[in-house]
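J.: heads up, no residue letters with this:
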């Protein structure tokens, strides 16, 4: 989980900033995009817990009358998850999932064989590092905590995997 002291990074996906934009065309060549992304080293990206793409909102999305989940509900869910984590680590110096040791990852992020196979497949297909593997497990544990789930399930793991988007190479 990213807290006030955790690693954060904001970046465009390409030099022009329009890669993936549904309204504007990116005119960057794949080699330009890869060079642009390579400006941030792999070891640095490995140390960032969550990579999130935030595309521009359309006018329709900006003007919608639909209400989002209230911040108070989100805050309650986060506070509950943090309480679960404090209880989980009450006998250690660890205070949150993001700070788990290898032994704690093995104990609290257990995956059944099908989830283990899923993670292995993602690691191989996306060419992710061992450090990314640990980050995925920690983030999946946090997502499960936010969902009040005792065990990591496929949706938690898949969401955590998708947050490694900047680790991926560009293929067009």
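T.: Yes, it's here. Bear in mind that the values here come from a model prediction, so they are computed numbers and not experimental data.
J.: Let me know the next secondary structure element after the helix or strand bottoming out on mean pLDDT in the chain.
T.: Here the helix or strand of the chain ranked lowest by mean pLDDT, DSSP states H and E is helix 42-46, holding a mean of 71. Going down the chain from helix 42-46, the next helix or strand is helix 59-63, by DSSP states H and E.
J.: so what does the helix or strand just after that next one touch, helix or strand wise?
T.: Next helix or strand after helix 59-63 toward the C-terminus (DSSP H and E): helix 71-88. Packing contacts for helix 71-88, counted by 3 or more C-beta pairs under 8 Å, 6 or more residues apart in numbering; DSSP states H and E, involve helix 130-146. For the C-beta atoms, the positions are set from N, CA and C on the backbone; glycine is no exception.
J.: Flag every buried residue along the helix it packs on.
T.: For helix 130-146, a neighbour-count test (16 or more other C-beta atoms under 10 Å) marks 132-146 as buried.
J.: circling back: chain center to the least confident helix or strand of the chain, what's the gap?
T.: 14 Å (C-alpha atoms, centre = their mean, to the nearest Å).
J.: Show me what it is packed up against.
T.: Packed next to helix 42-46, using 3+ C-beta pairs under 8 Å, 6+ apart, are helix 130-146.
J.: and the angle from the helix it packs on to helix 71-88?
T.: Helix 130-146 and helix 71-88 are oriented at 110 degrees to each other (axes from the mean of the first three to the mean of the last three C-alpha atoms, to 10 degrees).
J.: counting contacts, what elements does helix 130-146 pack onto?
T.: helix 42-46, helix 71-88, helix 102-108, helix 113-126, helix 154-162.
J.: starting at the chain centroid, how far to stretch 79-93?
T.: Offset of stretch 79-93 from its chain centre (C-alpha atoms, centre = their mean): 21 Å.
J.: Can you give me the buried ones in that stretch?
T.: 81-82, 84-85, 88-89.
J.: what residues does it touch?
T.: 95-97, 104, 108, 142, 145-146, 148 (C-beta atoms under 8 Å, 6 or more residues apart in numbering).
J.: sorry, back to before: any chance of the helices and strands packed on helix 130-146 in a markdown table, plus distance to residue 26?
T.: As requested, the helices and strands packed on helix 130-146 are exported to a markdown table (distance: least, C-beta to C-beta, whole Å):
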| stretch | distance to residue 26 |
| --- | --- |
| helix 42-46 | 21 |
| helix 71-88 | 33 |
| helix 102-108 | 38 |
| helix 113-126 | 21 |
| helix 154-162 | 21 |
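J.: Out of those, which is the most enclosed?
T.: Compared across these, helix 154-162 shows the largest average neighbour count, a mean of 18 (mean count of other C-beta atoms under 10 Å).
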